[in-house]
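Asks: could you look at this predicted model? Sequence included:
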Amino acid sequence: MQPLQIAILAAGKGKRMHSALPKVLHTLAGKPLLAHVLATARAMSPRAICVVEGTGDAVRQRFPEPDLLWARQDPPRGTGDALRCALSVLPPDGVTLVLFGADPLARAATLAEVVEHARRGALSLLTVDLDDPAGYGRIVRSADGTVAAIVEHNEATPEQQTIREVNTGVMAAPTAAFVRWLAAIRADNAVGEYFLTDVIALAVSDGVKVATTSAPDVTEGLGVNSRRDLAAIERRFQRLQAEALLDAGVTLADPARIDVRGTLACGRDVAIDPGCLFEGAVSLADDVVVGPNCVIRNAQIGPGTTIAAFSHIDDARIGARCRVGPYARIRPSSVLADDVHVGNFVEVKASSLGAGSKANHLAYVGDTTVGRDVNIGAGTITCNYDGANKHRTVIEDDVHIGSDTQLVAPVTVGRGATIGAGTTVWKDVPPGTLAVNEKTQVARSGWKRPKKG
């Protein structure tokens, strides 16, 4: 079997994006467009991948992986010239597959069919049928159905513009054939560029079969040239994600209002309300319920846990049967054991809460180890920062902390202790004791409130 190599054309400036950022670095589902293309390319196990970059080093710096070869196209002179640049650094034999760095959603299985035709000696194209093919090059066929040429939209006749089968740009051929055809193409067109599509007519002239693979979903053939394109592809991509979750048994209150920017693994009977965003690697175990407008990033959520509305969870592990939120924030390096409650406007940072512990209202728990069955009252703050360094608080099992308490770290509250409301704790509290700040309540008769002048 002939070896496979892949050329990814990524030198386009993306003028219609109106951005200083190279087009291939704009994000889809939280990752650069080029990252999606590279993931698909690597899934095909080629012997080499060459990325063609344009002016500057922003793309190369974003992807420093050692398995990539790089070629520069400067100035940009069209797709044919870009492939010529790639072939100058790729091996001269085997089969070359051409991908585009801003066309992110072709599947490896579909591309494998394109490559297989090329391994049999054909010039192999990936096509797609569009209801509105405006802007795309049309696949023009002869009377016998064979491909005769690809005609760009702005050069197509009115009759050719009615053709719905369009070129995606993806193609594959024996590398030696590409080299021969690219040497023959000319830039005698309206924009003075070398069009890769001109190799179609050269292949036909050489008597080489032009084979086509029709993408099973139009999404596979779509590319990004503008922010409108990017927004449209994002919604298509997210709809595919939602449909996969539905097919796996997840309940989505509104499949049009969920965003997955990474991987979302769900157990049985998971329910997700509208407006939720999942980033990185997220796993939701059986019977997890996620309320509306939550943001969950790089987190593991245990079975039977409920995440109430407007909660943010970032790089944390949450046990079984917990209740988080509404309006809770669980920050990185936090671990909640089973049956923990973290309520409204509670923030937990770099802390662990033992089984059955609760912080139900308006608290900050930072750099703290909390034992089992601890109750943290409303308004409690762990004062972990002295202006220069962070310090740790330890709250042992079965501690009850009254409202409006400040725990000035480093400090330890012993097992079974009780902290009275409004106490500032700056010394260790022995187990089983009551800690309060002694104070006297005074009622003054005859006192009058100040009045506005």
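Replies: Right, received. Where do you want to start?
Asks: domain parsing for the chain?
Replies: 4-221, 244-435 (automatic domain parsing).
Asks: so which of these is nearest Phe237?
Replies: domain 4-221 (5.6 Å; CB to CB). (Each C-beta comes from the backbone N, C-alpha and C, glycine too.)
Asks: return the distance of the closest one from the chain's centre.
Replies: Here the centre of domain 4-221 is set off from its chain's centre by 24 Å, with CA atoms, centre = their mean, to the nearest Å.
Asks: span of that domain from start to end?
Replies: End-to-end distance of domain 4-221: 21 Å, with CA to CA, to the nearest Å as the criterion.
Asks: quick one: the strands in the stretch 1-150 of the chain?
Replies: 4-9, 27-28, 31-32, 48-53, 68-72, 95-100, 123-129, 138-141, 147-151 (DSSP state E, counting those that start in this stretch).
Asks: just the helices in the stretch 151-300 of the chain please.
Replies: Under the criterion DSSP state H, counting those that start in this stretch, the stretch 151-300 of the chain contains helices at 175-184, 199-205, 227-247.
Asks: pLDDT at Ala122, what is it?
Replies: The predicted structure scores Ala122 at 96 on the pLDDT scale.
Asks: what sits against it?
Replies: Ala173, Val208, Lys209, Val210, Ala211 (CB atoms under 8 Å, 6 or more residues apart in numbering).
Asks: can you tell me, leaving aside adjacent residues, what's nearest to the third one?
Replies: The reference is to Lys209. Ala122 (4.3 Å; CB to CB, 6 or more residues apart in numbering).
Asks: that neighbour and Thr423: what is the separation?
Replies: Distance of Ala122 to Thr423, given as CB to CB, to the nearest Å: 80 Å.
Asks: likewise for Ala143?
Replies: Distance, Ala143 to Thr423, using CB to CB: 91 Å.
Asks: pLDDT-wise, which helix or strand of this structure ranks last?
Replies: Across the helices and strands of the chain, mean confidence by mean pLDDT, DSSP states H and E is lowest for strand 147-151: a mean of 86.
Asks: and it, what does it pack against?
Replies: Strand 147-151 is packed against strand 138-141, helix 199-205, with contacts defined by 3 or more CB pairs under 8 Å, 6 or more residues apart in numbering; DSSP states H and E.
Asks: let's see 10 Å
Replies: Here strand 147-151 touches strand 123-129, strand 138-141, strand 165-174, helix 199-205, strand 210-214, going by 3 or more CB pairs under 10 Å, 6 or more residues apart in numbering; DSSP states H and E.
Asks: adding distance to Val270 and mean neighbour count, write these out as TSV.
Replies: TSV is the format used below for the helices and strands packed on strand 147-151 (distance: least, CB to CB, whole Å; neighbours: other CB atoms under 10 Å):
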stretch	distance to Val270	mean neighbour count
strand 123-129	34	23
strand 138-141	43	20
strand 165-174	35	24
helix 199-205	48	19
strand 210-214	35	20
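Asks: can you say which of those is nearest to Asp103?
Replies: Nearest to Asp103, of all those, is strand 165-174, at 6.7 Å by CB to CB.
Asks: got the CA coordinates for that closest one in CSV?
Replies: The C-alpha coordinates for strand 165-174 follow below in CSV (Å, rounded to 0.1, in the frame of the first residue of the first chain):
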residue,chain,number,x,y,z
GLU,A,165,-22.4,19.6,-6.6
VAL,A,166,-19.4,21.7,-5.4
ASN,A,167,-15.8,21.2,-4.8
THR,A,168,-14.7,21.2,-1.1
GLY,A,169,-11.0,21.7,-2.1
VAL,A,170,-10.0,18.4,-0.5
MET,A,171,-8.3,16.2,-3.0
ALA,A,172,-5.7,13.4,-3.2
ALA,A,173,-3.5,12.0,-5.9
PRO,A,174,-0.2,10.2,-6.4
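Asks: got the phi and psi for Gly366?
Replies: The phi/psi pair for Gly366 (degrees, to the nearest 10) reads phi -120, psi 140.
Asks: for stretch 105-115, which positions count as buried?
Replies: Neighbour-count burial for stretch 105-115, counted by 16 or more other CB atoms under 10 Å, picks out Leu105, Ala106, Thr110, Leu111, Val114, Val115.
Asks: Lys31 versus the fourth one, what's the distance?
Replies: It refers to Leu111. Per CB to CB, Leu111 is found 19 Å from Lys31.
Asks: next one: Val288
Replies: From Val288 across to Lys31, the span is 25 Å (CB to CB).
Asks: please apply the same query to Leu9.
Replies: In terms of CB to CB, Leu9 sits 19 Å off from Lys31.
Asks: higher neighbour count, these two?
Replies: The neighbour comparison of Leu9 against Lys31 (other CB atoms under 10 Å) goes to Leu9, with 29 against 14.
Asks: just checking, that one touches Leu99?
Replies: Yes: at 7.3 Å, Leu9 and Leu99 qualify as touching, with contact defined as CB atoms under 10 Å.
Asks: give me the common contacts of the two.
Replies: Jointly contacting Leu9 and Leu99 under the rule CB atoms under 10 Å, 6 or more residues apart in numbering are Val37, Val51, Gly169.
Asks: nearest to Leu277 among those residues?
Replies: Of all those, Leu277 sits closest to Val37, with 23.5 Å by CB to CB.
Asks: that closest one against Leu105, yeah?
Replies: Yes: shown here, Val37 and Leu105 form a contact pair, counting by CB under 10 Å, at 9.1 Å.
Asks: list the contacts of the helix or strand Val335 falls within.
Replies: Using DSSP states H and E, Val335 sits in strand 334-336. The contact list for strand 334-336 (CB under 10 Å, 6+ apart) reads 299-302, 305, 313-320, 322-324, 330, 342, 347-355, 357, 365-366, 368-370.
Asks: return the distance of it from the chain's centre.
Replies: Put simply, strand 334-336 sits 24 Å off its chain's centre (CA atoms, centre = their mean).
Asks: partners of that strand, with directions?
Replies: strand 316-318 (parallel), strand 352-353 (parallel) (DSSP bridges).
Asks: pLDDT weak spots in the chain?
Replies: Applying pLDDT under 70 to the chain flags no residue at all.
Asks: circling back to that earlier point, which of the contacts of strand 334-336 fall in strands?
Replies: Within the contacts of strand 334-336, residues falling in strands by DSSP state E are 300-301, 313-314, 316-318, 323-324, 330, 342, 347-349, 352-353, 365-366, 368-370.
Asks: quick check on these: which are buried?
Replies: With neighbours counted using 16+ other CB under 10 Å, the ones in strands among the contacts of strand 334-336 contain these buried positions: 300-301, 313-314, 316-318, 323-324, 330, 342, 347-349, 352-353, 365-366, 368, 370.
Asks: surely Glu279 and Ile296 touch.
Replies: Yes: the criterion here is CB under 10 Å, and Glu279 meets it with Ile296 at 7.4 Å.
Asks: who has more neighbours, the two?
Replies: Ile296 (27 against 19).
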